[in-house]
Structures are given as C-alpha cells and as structure tokens.
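1. here is the input, now give the coordinates:
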Amino acid sequence: MASIAGRRYSTPVWRGVWPRQATWRRLLVPLALAGAFVCAGQVIYWSLLGAWPFHDTVDGWLAGYRLREGLPVYRVSSDAFLLFLQAPPWAVIWAGLSFFPLNVVGIGLLFGQVLALRYLAGSWIVAGLLCWWPMIPRELVTGNVDLLMAAAILAGARGVGWPVALFAAAKLSPGLVLVGATRRQWREALAVGCLLLLITLPWPTLWLDWIASLRGAPADGWSWWPMLPIRLPLALVLLALRRPWAFAAAAALATPAFHEHSLVLLLPAARLAVDELGSSSTGDFDSPDLGKDGEAADFSAVASS
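-> Numbers count the residues shown, from 1 in each chain. A predicted model of the protein is given here:
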C-alpha cells in the first residue's frame, strides 16, 4: 500500500501512469541503460579533463579541515571559487568527513547522489531515463548535494521530518516543505534541528562568520535564475496552493543560489505531481488513516515499479 502526505492508496500510484505493456518495457529498459551509460561517460570524461575531485566536494572537505585545524572556515568574497556558504552545522559535519581522504569522500558523495536519484525516480528504469536529462550529469560533476537535498524534500512531503531539518541547515529552503507537515514531522525536525545547533556550540563564532560571509556575497548568490522578481513570487504562489507537489516546488525555487544544475531540485515536485495525477485518474484511494495527534499513520513510500 502506498501513500502521499498521509493519504493511503491501495495500489502504487506511480504505476498508474507507468506503461505496463511488455513492449514498452522492452523499449524502455535499453533506453534507461543507455541513459545511465551516457551519463556515466560524461562524468568520467569531465573528471579526466580535471573536474575531479569535484569543486563543491572539495569546498566542503576543506571547510571541515579548516575547522579541525582552527583556521577560518568562512570568508567574505565576491569570488565563488571554494567559497563555503553552508551553515555552521554543515561545517561541523564536513569536519567529521574530512578525517577521510578527499577521494574517498568524493566517491561516497557521488554514490549517495546516485542513490538519491533512484529514490526520486522510484525505480532504476526511470532513473536511467532521467540520466538523458543534461542536468543530471552536470549536477553529479559539481560535487554538490542537490540530489540528496531533493530526496530530503520528497521524504518531507511524504511525512518524514528529520531529513528536511538536516538539509534546511545547509540551504534553508527545504524547511518550506514543513508548511504542510504533521505534528510528528515537526517534532522530528525540531529534534534534529536542536541537535544540529548543539554540535556547533564548541565554535560559537561560526554563526557570526557565516552571516558576515553571506552579507559579503553577491545579492543573488551567483544564481542562474534570480530570486527576485522570479523565484520568490513563484514560491509564495505555490505555498498558497497547499498541495504536496507545490510545497516541494516552493522549497526548490527558494534555495538561496539557484544554478542551472539546481533544476534537479524540482524532481520531487514532478514526482509528487505525477503520483497525484495517477491517483486521481484511477480514483484508487482510501480515506486517510489518522493516528495519534490527528496525523496520518501510514507514510510508506510510493512503491517502485
């Protein structure tokens, strides 16, 4: 049984819009494999050209190393090269990761991003098809965490609060998905948020340094798509719709720096919209099963095909 935002479905809604014919399967599987190979080839090619280790992974790893060594983590600069802008809890997280060699961390993050893509897609076949989209390999070679953040947004829309808090501590905007959250989600998010604050206590000046770094950065954070007059008004309109996919889209659009590869943050909204479309077209859903505190009891993930 599948569910979205507390509504339980007796059949996986993703399958309601997925081709079931054997002919389609025979066509899509090789297309998915080809997409995966093309994506992997691009990642390897760019790595051989000098992209490895990927920039944003190096940025985070160095920030963690500097924190361990008592060196400044944040700096005021208009140059985005190796400029660490994630909030202090993530500086502490990177400090722990910096005990491992940079190449090991880079490979681990790359595999984490691939697994996040699989979660977003719902199946390896769909993940392979998505690899034809140029933004997927581009995101992978940045070394960023946008696919992981997108997975956290999708998990938040499905009723899990702690990943939202974790990535809100990195880029703030995932917290918007909690606008439609249950009390259980809020408790999870607040608990993790408090823990993230606690781990920064040994370095109290980090928060002031981080704020100074943000104030010194360009107004729109080198964004490809500006916050004003485009993204912020769109995000506010989406929040007013009060639909799971709209909350997810708002959380994506409101990220402080929106680059071309940041378009992958819209994948949770697309996945939720397709699931909602599939459920409405089949009419196959039950009334929500409300548990303690009036919240939906079943938040199982949509089954993959």
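2. drop to CA atoms for contacts and neighbour counts, all remaining ones
-> Will do.
3. where exactly do the helices run in the protein?
-> Taking DSSP state H as the criterion, the chain carries its helices at 22-46, 55-68, 88-97, 102-121, 124-130, 135-142, 146-157, 162-171, 183-198, 206-216, 232-241, 244-253, 267-282.
4. okay, the ones you listed in JSON lines with distance to His261 and mean pLDDT next?
-> JSON lines is the format used below for the helices of the chain (distance: least, CA to CA, whole Å; pLDDT from 0 to 100):
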{"stretch": "helix 22-46", "distance to His261": "14", "mean pLDDT": "91"}
{"stretch": "helix 55-68", "distance to His261": "13", "mean pLDDT": "96"}
{"stretch": "helix 88-97", "distance to His261": "21", "mean pLDDT": "97"}
{"stretch": "helix 102-121", "distance to His261": "13", "mean pLDDT": "97"}
{"stretch": "helix 124-130", "distance to His261": "13", "mean pLDDT": "96"}
{"stretch": "helix 135-142", "distance to His261": "5", "mean pLDDT": "96"}
{"stretch": "helix 146-157", "distance to His261": "8", "mean pLDDT": "96"}
{"stretch": "helix 162-171", "distance to His261": "15", "mean pLDDT": "94"}
{"stretch": "helix 183-198", "distance to His261": "27", "mean pLDDT": "95"}
{"stretch": "helix 206-216", "distance to His261": "21", "mean pLDDT": "89"}
{"stretch": "helix 232-241", "distance to His261": "18", "mean pLDDT": "94"}
{"stretch": "helix 244-253", "distance to His261": "12", "mean pLDDT": "95"}
{"stretch": "helix 267-282", "distance to His261": "12", "mean pLDDT": "85"}
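5. nearest to Ser77 among the ones you listed would be which one?
-> helix 206-216 (6.1 Å; CA to CA).
6. now the helices of the chain in a markdown table, with distance to Arg75 and mean neighbour count?
-> Rendered in a markdown table, the data for those read as follows (distance: least, CA to CA, whole Å; neighbours: other CA atoms under 10 Å):
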| stretch | distance to Arg75 | mean neighbour count |
| --- | --- | --- |
| helix 22-46 | 29 | 15 |
| helix 55-68 | 11 | 22 |
| helix 88-97 | 13 | 21 |
| helix 102-121 | 22 | 19 |
| helix 124-130 | 37 | 21 |
| helix 135-142 | 21 | 21 |
| helix 146-157 | 23 | 28 |
| helix 162-171 | 17 | 23 |
| helix 183-198 | 21 | 16 |
| helix 206-216 | 6 | 16 |
| helix 232-241 | 27 | 16 |
| helix 244-253 | 26 | 28 |
| helix 267-282 | 32 | 19 |
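7. in a markdown table: those, plus distance to Phe81.
-> Formatted as a markdown table, these follow (distance: least, CA to CA, whole Å):
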| stretch | distance to Phe81 |
| --- | --- |
| helix 22-46 | 18 |
| helix 55-68 | 8 |
| helix 88-97 | 17 |
| helix 102-121 | 17 |
| helix 124-130 | 29 |
| helix 135-142 | 12 |
| helix 146-157 | 18 |
| helix 162-171 | 18 |
| helix 183-198 | 26 |
| helix 206-216 | 13 |
| helix 232-241 | 26 |
| helix 244-253 | 23 |
| helix 267-282 | 27 |
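8. and Glu260, which of those helices is closest to it?
-> Closest approach to Glu260 among the helices of the chain (CA to CA): helix 135-142, 7.3 Å.
9. pull the CA atoms of the closest one into PDB?
-> Provided in PDB are the C-alpha atoms of helix 135-142 (Å, rounded to 0.1, in the frame of the first residue of the first chain):
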ATOM      1  CA  MET A 135      21.200  18.500 -15.700                       C
ATOM      2  CA  ILE A 136      21.800  15.000 -14.000                       C
ATOM      3  CA  PRO A 137      25.400  14.600 -15.100                       C
ATOM      4  CA  ARG A 138      26.000  18.300 -14.600                       C
ATOM      5  CA  GLU A 139      24.800  18.100 -11.000                       C
ATOM      6  CA  LEU A 140      26.900  15.000 -10.400                       C
ATOM      7  CA  VAL A 141      30.100  16.700 -11.500                       C
ATOM      8  CA  THR A 142      29.600  19.800  -9.400                       C
END
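10. got phi/psi on Ala181?
-> phi -80, psi 160 (degrees, to the nearest 10).
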